[in-house]
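1. no sequence on hand, only this structure:
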């Protein structure tokens, strides 16, 4: 982090929460999905207007809603869209039949809501596609005026038709640019690498944890590589034979992983020895100064960005030729520029090693540029199909296995499913009983705001309300544009497309564009609307949001901070295994699963960081506990960087016996932490006192000098800091329990 500690107190919590509402994630726009959603909506809608067949509006709405449910469009898109279409048709038909009375409507929504709330056990894709199924009940089934079986069948069939149209659009886009999703993920890896390399080679250290608990640059790079590798596995699995374009993208992803490992060495060892003190007790670090070894940031950072542009066909050979030439020069000779004079052999050796790493990154980027441009591929790298990526059996038992966890009353999914059913049923009852104009916005708002964790629900409510108010104001203005239905259709189509495109960036932005498009869309379908339509949307959003918040905090609430210790324990355990393999390799032992343990530890640390970001958004957490957890997360990230550096610096790192002793002591220093995290309040004393707590400080430097010795010292500091942070977490929890507040 940058040494700035967030101010304590409720005012700081509110400020942090408000800032998080509008934080824009650095992800690519979902342009392909936006095109699918816009075409899915507007083509049937306009056809219905031309043919005077308003029933096509149902098919148009179905295709649009299903696009929202296919944000993870890259994997399992066909079965997901097919299941969403079939269940959506049943949901719409049941909404027609159940909507005759508020009681039956609420009971039917209770059943659908509970069922769809369980979808999360099958992953984010299943949870996303469950939303259009709920919306089909609310937006297509309930508003029907005819409650007969014929109307139910008709609306269900029209929803199926819309689903078929959505599948056709998805299939057509995959035929046109079959490997585009994987290319975008690979390009994102190099975009993140460009940002990381600019820090690693420039003045000022790479920030391992940003201000106000924001994710670090290192976390963003690792997350991008993990996502790209997972998609590569799925893409290769679907192919009968390996294709050259996919093979090229796989190579690019593996090269990105290699470059990231080398860049993490520069980030860790590019500081002067005087700036290597461990983090302070509050997670702040001394501001390091860079050891200027002549490594200019632009050749490497611009090289990574050039790979991203070439991968997406956004740069030609002439545009990247100067960058490629600069990288080739950087890879052939020591980095240009004057090196800092050294008075010791060890400092000279360290400087030489940094220059060697700099040249290795430049050479890897040259390979990546050639691969992205279609030249002869370097040695191919196969994406391993680890345990999480192997083909799963399609038996009924395998399909039902995830549901076993729902039977546990402590299950977060089970509580969320019941809560989701009750809240959405209450929202439907209000809509059906009062029958306000556009009243379906009340349950619709509840379905999208209510999340498994209370903190996420609060954040989503704030984003929904702010986005709705701003979007409605713009939408009312759009209706006043001269041009009538043609202008309304153009405005709503553009707004809806933008709403889907910004889904990966920020939900408040999505709601803003969606609300801006709703008003002219209603004018197009139902005739000119007044400004009161916008106010109705705001009012219904407030009611639906209030219901969701009440349910999230009063009905079996789940707070993610309660499971944070378990996630931290898992990350510590996998990082300890990785440390054992790295140090064992340095000691001369065989480490056949070194890469697999590296990926497992990286994934666990990425998941931990994501979980911590959601915990910060939860109000009411004990500040001392959150701060101590933050220090632990930072220390674990820095430990991963040091281990990566040791892995890259393994040649000439010292004698095997010294590394074996270091291995044993690190094993002892980390080995008891997962158990301590399982019950931190009871284990605080054991963690912070006695010989075990001082293991890290007693770590002996391996024989020899240079960068590997520096990294060994860093490992000691990070283990020490991690142990201290775990002890502080236990102390904070014990204090909270004694005061009767608990952790929430």
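-> Received it, and whenever you're ready, just let me know what you need. Just so we're clear, the structure is a prediction, and the values are computed from it rather than from any experiment. Numbering: from 1, shown residues only.
2. care to break this structure down by domain?
-> Per automatic domain parsing, the structural domains of the chain span 10-176+414-554, 180-337+346-373, 561-738.
3. how close does the residue positioned nearest the centre of the chain sit to residue 18?
-> Geometric centre of the chain, nearest residue: residue 610, 6.8 Å, by Cα atoms, centre = their mean. Residue 610 sits 20 Å away from residue 18, going by Cβ to Cβ, to the nearest Å. Using the backbone N, CA and C atoms, a C-beta is placed for each residue, glycine as well.
4. now do residue 170
-> Between residue 170 and residue 18 the distance is 37 Å, computed by Cβ to Cβ.
5. neighbour count for the two, which is higher?
-> residue 170 (23 against 11; other Cβ atoms under 10 Å).
6. quick revisit: mean pLDDT lowest for which of the domains of the chain?
-> Lowest mean pLDDT of the domains of the chain: domain 180-337+346-373, a mean of 69.
7. between the two ends of it, how far is it?
-> Its first and final residues considered, domain 180-337+346-373 spans 15 Å by Cα to Cα, to the nearest Å.
8. now the domains of the chain in CSV, with distance to residue 402?
-> Listed next are these as CSV, based on distance: least, Cβ to Cβ, whole Å:
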stretch, distance to residue 402
domain 10-176+414-554, 4
domain 180-337+346-373, 18
domain 561-738, 18
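9. ok, residue 195 - contacts?
-> 217, 220, 221, 301 (Cβ atoms under 8 Å, 6 or more residues apart in numbering).
10. need the three-state assignment for it.
-> helix (DSSP: H, G, I helix; E, B strand; the rest coil).
11. ok, so what distance separates it from residue 503?
-> 22 Å.
12. hmm, residue 471 is touching residue 515, no?
-> Yes: shown here, residue 471 and residue 515 form a contact pair, counting by Cβ atoms under 8 Å, at 2.7 Å.
13. circling back: where's the residue nearest to the centre of the chain, which helix or strand?
-> helix 594-616 (DSSP states H and E).
14. which elements pack onto that helix?
-> With contacts taken as 3 or more Cβ pairs under 8 Å, 6 or more residues apart in numbering; DSSP states H and E, helix 594-616 sits against helix 217-238, helix 454-479, helix 561-586, helix 623-648.
15. just want the angle from that helix to helix 561-586.
-> Inter-element angle recorded for helix 594-616 and helix 561-586: 160 degrees (by axes from the mean of the first three to the mean of the last three Cα atoms, to 10 degrees).
16. just the buried positions in helix 594-616, please.
-> By 16 or more other Cβ atoms under 10 Å, the buried positions in helix 594-616 come out as 596-606, 608-609, 611-616.
17. how far does it sit from its chain's centre?
-> 11 Å (Cα atoms, centre = their mean, to the nearest Å).
18. what helices or strands is the helix of greatest length in the chain leaning on?
-> In the chain, assigned by DSSP state H, the helix with the most residues is helix 707-738. Using 3+ Cβ pairs under 8 Å, 6+ apart as the contact criterion, the elements in contact with helix 707-738 are helix 244-269, helix 345-373, helix 561-586, helix 623-648, helix 656-671, helix 673-678, helix 680-688, helix 690-693.
19. any idea of the angle it forms with helix 623-648?
-> Per the same axes, to 10 degrees, the angle that helix 707-738 makes with helix 623-648 is 160 degrees.
20. quick revisit: how about the helices and strands packed on helix 707-738 in JSON lines, adding mean neighbour count?
-> JSON lines is the format used below for the helices and strands packed on helix 707-738 (neighbours: other Cβ atoms under 10 Å):
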{"stretch": "helix 244-269", "mean neighbour count": "23"}
{"stretch": "helix 345-373", "mean neighbour count": "21"}
{"stretch": "helix 561-586", "mean neighbour count": "22"}
{"stretch": "helix 623-648", "mean neighbour count": "24"}
{"stretch": "helix 656-671", "mean neighbour count": "19"}
{"stretch": "helix 673-678", "mean neighbour count": "20"}
{"stretch": "helix 680-688", "mean neighbour count": "18"}
{"stretch": "helix 690-693", "mean neighbour count": "13"}
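21. what's the closest of those to residue 427?
-> Distance to residue 427, taken as Cβ to Cβ, is lowest for helix 561-586 among the helices and strands packed on helix 707-738, at 27.1 Å.
22. quick one: the longest helix of the chain to helix 656-671, angle?
-> Interaxial angle, helix 707-738 versus helix 656-671 (the same axes, to 10 degrees): 10 degrees.
23. list the buried residues in helix 707-738.
-> By 16+ other Cβ under 10 Å, the buried positions in helix 707-738 come out as 707-712, 714-734, 736.
24. chain center to that helix: distance?
-> On the basis of Cα atoms, centre = their mean, helix 707-738 sits 26 Å off its chain's mean C-alpha point.
25. which parts of the stretch 301-450 of the chain are helices?
-> All helices of the stretch 301-450 of the chain, identified by DSSP state H, counting those that start in this stretch, fall at 317-332, 345-373, 396-400, 412-434, 441-449.
26. so which of those gets nearest residue 89?
-> Of these, nearest to residue 89 by Cβ to Cβ is helix 441-449, at 18.0 Å.
27. pull out the buried positions in that closest one.
-> Across helix 441-449, burial judged by 16+ other Cβ under 10 Å covers 441, 442, 443, 444, 445, 446, 447, 448, 449.
28. looking at those, which one is closest to residue 83?
-> residue 447 (17.9 Å).
29. I'd say that closest one and residue 421 touch.
-> No: using Cβ under 8 Å, residue 447 makes no contact with residue 421, being 10.9 Å away.
30. what's the overlap in contacts for those two?
-> Joint contacts of residue 447 and residue 421 (Cβ under 8 Å, 6+ apart) are residue 113.
31. can you tell me the helix or strand for residue 64?
-> Using DSSP H and E, residue 64 sits in helix 56-68.
32. ditto for residue 481
-> Counting by DSSP H and E, residue 481 is found in no helix or strand.
33. neighbours of it, how many?
-> Residue 481: 12 neighbours (other Cβ under 10 Å).
34. now it: closest residue in space that isn't a chain neighbour?
-> residue 487 (5.0 Å; Cβ to Cβ, 6 or more residues apart in numbering).
35. and that neighbour, how close does it get to residue 523?
-> Counting by Cβ to Cβ, the gap from residue 487 to residue 523 is 10 Å.
36. if you count what's nearby, which of the two comes out ahead?
-> Between residue 487 and residue 523, counting by other Cβ under 10 Å, residue 523 is the more crowded of the two (23 against 17).
37. list the buried ones in the host helix or strand of the more buried one?
-> Per DSSP H and E, residue 523 falls inside helix 507-526. By neighbour count on 16+ other Cβ under 10 Å, the buried set for helix 507-526 is 507-525.
38. one more: stretch 168-178?
-> Applying 16+ other Cβ under 10 Å to stretch 168-178 flags 169, 170, 173, 174 as buried.
39. just put these in a markdown table and tack on distance to residue 456 and secondary structure.
-> Converted to a markdown table, these look like this (distance: Cβ to Cβ, whole Å; DSSP: H, G, I helix; E, B strand; the rest coil):
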| residue | distance to residue 456 | secondary structure |
| --- | --- | --- |
| 169 | 31 | helix |
| 170 | 28 | helix |
| 173 | 31 | helix |
| 174 | 32 | helix |
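40. in JSON lines, list the residues you listed along with distance to residue 577.
-> Listed next are the buried residues of stretch 168-178 as JSON lines, based on distance: Cβ to Cβ, whole Å:
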{"residue": "169", "distance to residue 577": "45"}
{"residue": "170", "distance to residue 577": "40"}
{"residue": "173", "distance to residue 577": "41"}
{"residue": "174", "distance to residue 577": "39"}
